[in-house]
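Participant: build me a structure from this.
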Amino acid sequence: MRELWKKILHALEAGQAVELVSILASSGSTPRGAGAVMAVFSNGESAGTIGGGAVEYEAQRAAAALLASGGDDVKDYRFVPGDAASLGMVCGGDVTVQFQFLPGGEGPCTQAIRSLTAAFSGSRDTWLLRRIEGIRVVETRTVDRTSEDVPAGLLENGPVYRDGWLALPVVRAGKVYIFGGGHVSRALVPVIAAVDFRPVVYDDRPEFVTAEAFPQAEGLLCGPFTELARFVTVTPEDYVVIMTRGHQADYEVLAQVLRSGAKYLGCIGSKRKLALCKERLLDAGFTEAEYARLHAPIGLAIGAQTPEEIAVSVAAELIAVRAGAQP
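Facilitator: Here you go, the predicted model:
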């Protein structure tokens with residue numbers, strides 16, 4: 001998502017128009033749902049996806065024509081075999097696709113996309129908000145929860161299309177603090193960065209938190225596990241992943257973050273190691289209810305064995321929590 005919007009901004013600032021293609025609504029079985037976005041550029045290239053296959057091919061053709069004429073449009077595509085208006089796909093659903101012409105150079109659209117890309121460096125939920133009248137987009141702006149004049153019910157966890165307004169969540173608040181810089185952390189960081197999480201790696205060994213080891217990390221921190229407050233402030237928007245090298249460090253981190261209110265708390269380890277951590281935490285005054293917030297063992301139960309497989313299982317659990325589909 002981040003690279004898509006940066007590519008769009010780069011083209012607009014270079015004076016090149018872009019056709020922005022968005023799924024407004026979908027029903028039945030479709031490759032992608034509402035909120036999926038693709039951009040088509042003047043050189044014929046595209047970025048992002050609205051599902052691939054025939055629908056994406058037809059949408060790219062329509063976008064290229066609209067880009068040449070400088071137009072907006074709304075089109076319906078059907079996925080019902082044998083139907084006269086169908087694309088011949090067997091999914092059995094349909095999608096409504098909106099096409100928005102973004103003129104190159106300075107203007108409201110470029111300013112909105114620039115504001116959106118700037119929001120990636122912050123930690124605030126941010127949406128691209130568009131007002132659609134008929135087939136035309138008449139307003140495009142970047143908003144967050146502090147913005148004024150935003151109709152109620154639009155700023156949700158997922159895309160919302162209601163009463164002519166399309167609100168697309170683009171920037172998610174919160175970081176993923178990964179405590180421990182070992183093999184699983186090295187496998188995890190590129191996976192979660194690719195799906196727009198913002199990983200920050202913390203270890204007490206300088207040689208384990210280097211840019212060479214974690215080129216996709218947003219931040220690298222080094223300090224004692226007993227003094228996290230000196231370096232980290234975990235908020236309710238953040239995610240905590242504990243992957244230290246041993247039971248003692250796990251306990252030290254858990255004792256400091258268990259009451260942080262973090263959106264997600266997960267700890268890697270064997271059942272025996274986790275049982276020992278739990279016993280120590282309860283002895284230290286934490287409650288069963290507080291410990292119950294911890295995802296332990298960490299990750300979805302997919303039979304993961306290697307660091308790379310474990311990384312996939314943890315990333316899947318993070319995605320589920322972010323989407324509100326608590327695993």
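Participant: residues contacting the residue nearest to the spatial centre of the chain?
Facilitator: Most central in the chain under CA atoms, centre = their mean is residue 196, positioned 4.0 Å from the mean C-alpha point. Contacts for residue 196 (CB atoms under 8 Å, 6 or more residues apart in numbering) come out as 1, 2, 172. For every residue, glycine as well, the C-beta is placed using N, CA and C.
Participant: residues touching residue 208, list them.
Facilitator: Contacts of residue 208 by CB under 8 Å, 6+ apart are 181, 182.
Participant: buried stuff in stretch 309-319?
Facilitator: For stretch 309-319, burial by neighbour count (16 or more other CB atoms under 10 Å) applies to 310, 311, 312, 313, 314, 315, 316, 317, 318, 319.
Participant: check the last one and give its pLDDT.
Facilitator: Looking at residue 319, its pLDDT is 94.
Participant: isn't it right up against residue 194?
Facilitator: No: counting by CB atoms under 8 Å, residue 319 sits too far from residue 194 to count as a contact (11.1 Å).
Participant: coming back round to it: make JSON lines out of the contacts of residue 196 and add pLDDT.
Facilitator: Below are the contacts of residue 196 laid out as JSON lines (pLDDT from 0 to 100):
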{"residue": "1", "pLDDT": "80"}
{"residue": "2", "pLDDT": "85"}
{"residue": "172", "pLDDT": "86"}
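Participant: by neighbours, which of the residues you listed wins?
Facilitator: Among those, residue 172 has the most neighbours (other CB atoms under 10 Å), with 18 neighbours.
Participant: isn't it up against residue 321?
Facilitator: No: the pair residue 172 and residue 321 does not pass the contact test of CB under 8 Å, sitting 11.3 Å apart.
Participant: how near is residue 229 to residue 47?
Facilitator: 41 Å (CB to CB, to the nearest Å).
Participant: these two: who's more crowded?
Facilitator: Set residue 229 next to residue 47 and count neighbours by other CB under 10 Å: residue 47 wins out with 17 against 10.
Participant: tell me the SS of that one?
Facilitator: State at residue 47, reduced to three classes by DSSP: H, G, I helix; E, B strand; the rest coil: strand.
Participant: that one and residue 38, how far apart?
Facilitator: Taken as CB to CB, the span from residue 47 to residue 38 is 7 Å.
Participant: one more: residue 285?
Facilitator: 52 Å.
Participant: those two: who's more crowded?
Facilitator: residue 38 (23 against 8).
Participant: for the more buried one, what are its contacts?
Facilitator: With CB under 8 Å, 6+ apart, residue 38 has these contacts: 20, 21, 22, 46, 47, 48, 49, 50, 56, 59, 60, 63.
Participant: same list (these) but as a markdown table, adding pLDDT and distance to residue 291.
Facilitator: Putting the contacts of residue 38 into a markdown table (pLDDT from 0 to 100; distance: CB to CB, whole Å) gives the following:
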| residue | pLDDT | distance to residue 291 |
| --- | --- | --- |
| 20 | 97 | 46 |
| 21 | 97 | 46 |
| 22 | 95 | 43 |
| 46 | 95 | 48 |
| 47 | 95 | 44 |
| 48 | 94 | 41 |
| 49 | 92 | 41 |
| 50 | 90 | 43 |
| 56 | 91 | 46 |
| 59 | 94 | 49 |
| 60 | 96 | 51 |
| 63 | 97 | 51 |
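Participant: which one of those is nearest residue 11?
Facilitator: residue 47 (9.5 Å; CB to CB).
Participant: how's this protein carved up into domains?
Facilitator: As recorded under automatic domain parsing, the domains making up the chain are 2-171, 176-322.
Participant: now the weakest link among those domains, please, by mean pLDDT.
Facilitator: If you rank the domains of the chain by mean pLDDT, domain 2-171 sits at the bottom with a mean of 89.
Participant: quick check: end-to-end length of that domain?
Facilitator: Chord length of domain 2-171, first to last residue, is 8 Å (CA to CA, to the nearest Å).
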